[in-house]
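Undergrad: Pasting the sequence and the predicted coordinates here, then a few questions.
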Amino acid sequence: MDAANNTTVNFRINSWMENAGIVGLMRILKNDPRYLNSYSMSESAVKFDPKVLDNFSDLYFKFFIKNYGQVIRYSKIINEENWLRTLEDKDFREFDEKDLKRLTDWFDNIVKYSANSASYKKVIKFINSDFDVKAEVKSCNKKIRTLNKKNFLTKNSDEAKEILQKLINQLLKIIEYFSTSQAKKYFPAKTLNYIIINKAWNGVSFLNPQTKNLDFYEDYQNYFVVPVQEYLQEDHAKDKYVCSTCGRPVKKLKYSYGFINNMGYDLNKKTSNAWNFKNDLYICPICQFLYSLIPAGFTYNMRGQGIFINENSSIRNLQGKNDLVFSNMMRKISDSTRTSPYRALSAAFKDEEASGQHAPLGNIQLITYDTDHYNFQIVPIVASKVLTKAVEHTYNMKQTGE
Ligand SMILES: [Zn+2]
């Protein structure tokens, strides 16, 4: 590996962990049109321009927000704005018990729940605003409880209208607070750190419980990205060790696989850093960076289940198969956050069959993640068809059984 060449960085097809990182990298860069041309792929490798590293943490979180962010509570806060404005425009003339129920459910389960959540409390300090969101929510809560008193709406209609006017006005200010660019940057990402990103790695950087008070954008950049930039600037001709994943020379044994969840990974297959080092396996900062991208390469639902197709015949196939599953998941996830990754896989099989490409998913390694564990399966050509049918069948049974 030519470490001195810092005009591009290369990642080669390797085991599932590196491959998931590669898919993650391409998805993150594709997610922002400005970076579409910052990488290129050959049959077995992806090259990218290290300039993308300058603000990589923004790109990293942006990817998760854009995709998984659509179904979290944060979006549900913002999305109610139009309805509230409609109520206001109609001067609450048609406001009835049904509307009150909708308003109360939304307020209790989305707004109040979020504002009082531990993760939101940690983010509030990064939002450049004097608006005391917790106090506002508390005041709204009082008004909502009053409106919910038995027959209050019908018996005290004038008073109810007055309360509603103030309440909706306050709620719109709360939405406004959550709609600023700072809020959009921090709140959804904070949630996704604990729903998606920590399914792949944990315990270090912003997922280290000790560093939780830092700005996680800066933390990601400093922990995973800056070491890559430094590595690319340094001369490695005299380095004593080699990375046990990619073989790049390394000066110090500093970075390890330790932060990757339940690797289920056969470390014995990795090359030792030096031949008298048998058990201590270390990696270079570039591989550490690559592994931080695993959560972007997997396809998850919002219930801690994920899937990755380790189709290693080529980068194009690796990306194509996984993106098919991912786009199916993103379509289904707004209907149900529990939607099974198997179902997305099955739908992807069907799409591919329908497109007439006839490139069956055969003899490939399927990696699934469920409640903290990885499972590995080899899917032979015949079985992949059977699996498609079986998954559909199970799904249909569940649908009718519910
Ligand atoms: Zn490496």
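TA: On my side now, so go ahead.
Undergrad: which residues of the stretch 301-402 of the chain fall in strands?
TA: 305-310, 364-370, 373-379 (DSSP state E, counting those that start in this stretch).
Undergrad: Next: the chain.
TA: 9-12, 39-41, 45-48, 241-242, 249-250, 255-256, 282-283, 299-300, 305-310, 364-370, 373-379 (DSSP state E).
Undergrad: which one of those lies closest to the ion?
TA: Nearest to the ion among the strands of the chain is strand 282-283; the distance by Cβ to the ion comes to 5.0 Å. In this view, the C-beta of every residue, glycine as well, is placed from N, C-alpha and C.
Undergrad: who does the closest one pair up with?
TA: strand 255-256 (antiparallel) (DSSP bridges).
Undergrad: Quick one: residues in contact with the partner strand.
TA: Where contact means Cβ atoms under 8 Å, 6 or more residues apart in numbering, the residues beyond strand 255-256 that reach it are 227, 280-285, 287-288.
Undergrad: now stretch 183-198
TA: 61, 64-65, 68-69, 72-75, 114, 119-120, 122-123, 126-127, 177-178, 206-207, 216-217, 261, 295, 300, 302, 304.
Undergrad: hmm, back to that, kindly compare burial across the strands of the chain and name the winner.
TA: strand 299-300 (a mean of 26; mean count of other Cβ atoms under 10 Å).
Undergrad: Against which helices or strands is it packed?
TA: strand 305-310, helix 315-332, helix 341-354 (3 or more Cβ pairs under 8 Å, 6 or more residues apart in numbering; DSSP states H and E).
Undergrad: redo that, cut-off 10 Å
TA: helix 56-68, strand 305-310, helix 315-332, helix 341-354 (3 or more Cβ pairs under 10 Å, 6 or more residues apart in numbering; DSSP states H and E).
Undergrad: Adding mean pLDDT, write those out as TSV.
TA: Below are the helices and strands packed on strand 299-300 laid out as TSV (pLDDT from 0 to 100):
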stretch	mean pLDDT
helix 56-68	97
strand 305-310	94
helix 315-332	91
helix 341-354	74
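Undergrad: and among those, the most buried is which?
TA: Comparing these by mean count of other Cβ under 10 Å gives strand 305-310 as most buried, with a mean of 24.
Undergrad: tell me the angle it makes with strand 373-379.
TA: Angle between the axes of strand 305-310 and strand 373-379 is 40 degrees (criterion: axes from the mean of the first three to the mean of the last three Cα atoms, to 10 degrees).
Undergrad: who's sitting farthest from the centroid in this protein?
TA: K155 (48.0 Å; Cα atoms, centre = their mean).
Undergrad: In the stretch 201-350 of the chain, where is pLDDT below threshold?
TA: For the stretch 201-350 of the chain, applying pLDDT under 70 flags the ranges 212-213, 263-280.
Undergrad: what does it put close to the ion?
TA: Residues of the stretch 201-350 of the chain found near the ion (Cβ under 5 Å from the ion) are 243, 245-246, 248, 283-284, 287.
Undergrad: before we move on, the earlier item: was I right to think the residue farthest from the centre of the chain contacts L147?
TA: No: with contact defined as Cβ atoms under 10 Å, K155 and L147 do not form a contacting pair (11.6 Å).
Undergrad: For the chain, which residue occupies the most central location?
TA: Closest-to-mean residue, the chain, Cα atoms, centre = their mean: F64 / 3.7 Å.
Undergrad: Can you tell me, leaving aside adjacent residues, what's nearest to that residue?
TA: Distances taken as Cβ to Cβ, 6 or more residues apart in numbering put L192 closest to F64, at 4.5 Å, once the chain neighbours are dropped.
Undergrad: Kindly indicate which of the contacts of strand 255-256 lies nearest N363.
TA: Distance to N363 across the contacts of strand 255-256 (Cβ to Cβ) is lowest for C287, with 26.9 Å.
Undergrad: For the closest one, which non-adjacent residue is spatially closest?
TA: The nearest residue in space to C287 (Cβ to Cβ, 6+ apart) is T245, at 4.5 Å.
Undergrad: so the one you found sits right up against N19, yeah?
TA: No: in this structure, T245 is not within contact of N19 by Cβ under 10 Å, at 11.9 Å.
Undergrad: what ranges do the helices span in the stretch 151-300 of the chain?
TA: Remark: helices assigned in the stretch 151-300 of the chain by DSSP state H, counting those that start in this stretch are 152-155, 157-179, 181-195, 216-220, 226-233, 285-292, 294-297.
Undergrad: thinking again about what came up before, quick one: buried ones out of the residues of the stretch 201-350 of the chain next to the ion?
TA: When those are checked for burial by 16 or more other Cβ atoms under 10 Å, the buried set is 243, 245-246, 248, 283-284, 287.
Undergrad: What is the neighbour count of F152?
TA: When counting by other Cβ atoms under 10 Å, one arrives at 16 neighbours for F152.
Undergrad: surely it meets I163?
TA: Yes: if you go by Cβ under 10 Å, F152 and I163 touch, sitting 8.9 Å apart.
Undergrad: what sits in contact with each of these two?
TA: T146 (Cβ atoms under 10 Å, 6 or more residues apart in numbering).
Undergrad: Quick check: phi and psi at S44.
TA: Here is the backbone geometry of S44 (degrees, to the nearest 10): phi -130, psi 10.
Undergrad: Setting aside sequence neighbours, what's the nearest residue to it?
TA: With Cβ to Cβ, 6+ apart, the residue lying closest to S44 is I13, at 4.7 Å.
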